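Asker: coords please:
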Amino acid sequence: MSLDPALRQRIDALLHAHPVVLFMKGSPGAPRCGFSAKASGILSSMLPTYASVDVLEDPDIREGIKLYGSWPTIPQLYVGGELVGGSDIIEQMAGSGQLHALLGVPAPDRTPPAITVTPAALAAIGKAMADVPAGVGLHLSVDPQFNAQFQLKPVSGHEIVAVADGLKIHLDLASVPRARGIAIDWIEDARGAGLSVRNPNAPAAVKSISVQQLHERILAGAIDVIDVRPPTGRAAAPFPQPHEVLDDASRARLEALPKDVPIAFICHHGSSSRRAAEHFRDLGFHDVYTVDGGIDAWAKQIDPSVPIY
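Answerer: As a prediction, the model looks like this:
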């Protein structure tokens, strides 16, 4: 199967316009598959900006890029117009330092992070690793959203190795700065048993705020409000206080706000606002709220002139 000439020109133009292009599923801020999340997480740890193409939004590019470089899977990284490879190759090159050299960034800091492991966690891990064959080690990855994942898999030799009370923990380079100072424990409760990770680097959790508290902070000029409802909802019951609207036109500008700005997200009942708040938390915002009860609660408890729909 040959690549349509017009589509080849489109891809050529993309690669000529940007020195680094990642073809992925989703975006760096919201990847939509694990492989894309891994690739974009590694790149984002090295570069402040790079071009990304969401192939799920463009079926022609999704199929065409596979033919363009004779590479059958997504994601795909191009640097200087040349195909580098997919997520596994990106991870391997990052671990060896080759990707840093290719991108022209400083050599990686290979200082192992300080990690604390409780006796209970050490005992549980030791039991799980009792029959692990030679060459297999305990790997810890921490993604850009600070989600931690443990795996038993072969050791490549490029990992950073942290040692805690004799336990070797292998990490990829992108995970190292996110893992500094974490504490690993073994928890057993009504939900079951498993490893628990406390990460001091993770941004604070999304907080709930009542409409009364929101009203007080608005009057004090101490919070920004973002309405995440669709146009029909905003038209049915406009939020009467100063606020921003989250839509395609405003998203990039709002995501670029200073990360310490207090932000409260409001929707109809409180569900959509939490999803939006979690997204902004994952982008690094530190003081993020979701409004309990949404515009309905505002109408019932603060301003009865706002319609209920």
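Asker: quick one: strands adjacent to the lowest-mean-pLDDT helix or strand in the chain?
Answerer: The least trusted helix or strand in the chain, going by mean pLDDT, DSSP states H and E, turns out to be strand 30-31, with a mean of 86. Take DSSP bridges as the rule and strand 30-31 pairs in its sheet with strand 26-27 (antiparallel).
Asker: please enumerate residues in contact with the strand it pairs with?
Answerer: Contact with strand 26-27 is made by 32-33, 36-37, 40, 52, 54, 56, as judged by Cβ atoms under 8 Å, 6 or more residues apart in numbering. C-betas here are computed from N, CA, C, even on glycine.
Asker: and residue 108, what pLDDT?
Answerer: We have a pLDDT of 82 for residue 108.
Asker: what's the pLDDT at the closest residue to it other than its chain neighbours?
Answerer: When the adjacent residues along the chain are set aside, residue 108 lies closest to residue 173, with 4.9 Å between them (Cβ to Cβ, 6 or more residues apart in numbering). At residue 173, the pLDDT value in this model is 84.
Asker: from residue 93, how far off is residue 173?
Answerer: Distance of residue 173 to residue 93, given as Cβ to Cβ, to the nearest Å: 10 Å.
Asker: do the same with residue 176
Answerer: Using Cβ to Cβ, we find residue 176 at a distance of 16 Å from residue 93.
Asker: go ahead and confirm residue 113 touches residue 182.
Answerer: Yes - with contact defined as Cβ atoms under 8 Å, residue 113 counts as touching residue 182 (7.4 Å).
Asker: more crowded one of those two?
Answerer: Just comparing residue 113 and residue 182: by other Cβ atoms under 10 Å the higher neighbour count belongs to residue 182, 24 against 20.
Asker: excluding its backbone neighbours, what's nearest that one?
Answerer: residue 199 (4.8 Å).
Asker: contacts only, for residue 265.
Answerer: Counting by Cβ under 8 Å, 6+ apart, residue 265 makes contact with 225-226, 228, 246, 273-274, 276-277, 280, 288-291.
Asker: what distance do you get for it to residue 214?
Answerer: 11 Å.
Asker: return every residue with contacts to both of those two.
Answerer: Common neighbours of residue 265 and residue 214 (criterion: Cβ under 8 Å, 6+ apart): 225, 289, 291.
Asker: from these, which land in strands?
Answerer: Among the shared contacts of residue 265 and residue 214, DSSP state E puts 225, 289, 291 in strands.
Asker: how about CSV for the residues you listed, with pLDDT, neighbour count and distance to residue 168 added?
Answerer: Formatted as CSV, those follow (pLDDT from 0 to 100; neighbours: other Cβ atoms under 10 Å; distance: Cβ to Cβ, whole Å):
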residue, pLDDT, neighbour count, distance to residue 168
225, 98, 20, 48
289, 97, 23, 41
291, 97, 27, 46
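Asker: out of those, flag the one nearest to residue 145.
Answerer: Closest approach to residue 145 among those (Cβ to Cβ): residue 289, at 18.5 Å.
Asker: what segments of the stretch 201-309 of the chain are helices?
Answerer: Under the criterion DSSP state H, counting those that start in this stretch, the stretch 201-309 of the chain carries helices at the ranges 211-219, 231-236, 251-255, 271-282, 294-301.
Asker: and of those, who's closest to residue 6?
Answerer: Closest of the helices of the stretch 201-309 of the chain to residue 6 is helix 251-255, at 28.3 Å (criterion: Cβ to Cβ).
Asker: what's next to the closest one, contact-wise?
Answerer: With contact meaning Cβ under 8 Å, 6+ apart, helix 251-255 is reached by 29, 226, 244, 246, 280, 283.
Asker: buried residues in that helix, which are they?
Answerer: residue 254 (16 or more other Cβ atoms under 10 Å).
Asker: same thing with stretch 236-255?
Answerer: The neighbour-count criterion (16+ other Cβ under 10 Å) identifies 237, 239, 243-244, 246, 254 as the buried residues of stretch 236-255.
Asker: endpoint to endpoint, that stretch covers what distance?
Answerer: Using Cα to Cα, to the nearest Å, one end of stretch 236-255 lies 26 Å from the other.
Asker: any idea of the mean pLDDT for stretch 244-257?
Answerer: Stretch 244-257 shows a mean pLDDT of 92.
Asker: what's the answer for stretch 88-105, then?
Answerer: 92.
Asker: let's have the chain start at 50 instead
Answerer: Okay, residue one is now 50; in that scheme the one you just asked about reads as stretch 137-154.
Asker: next, find the distance separating residue 251 from residue 213.
Answerer: Distance from residue 251 to residue 213, by Cβ to Cβ: 19 Å.
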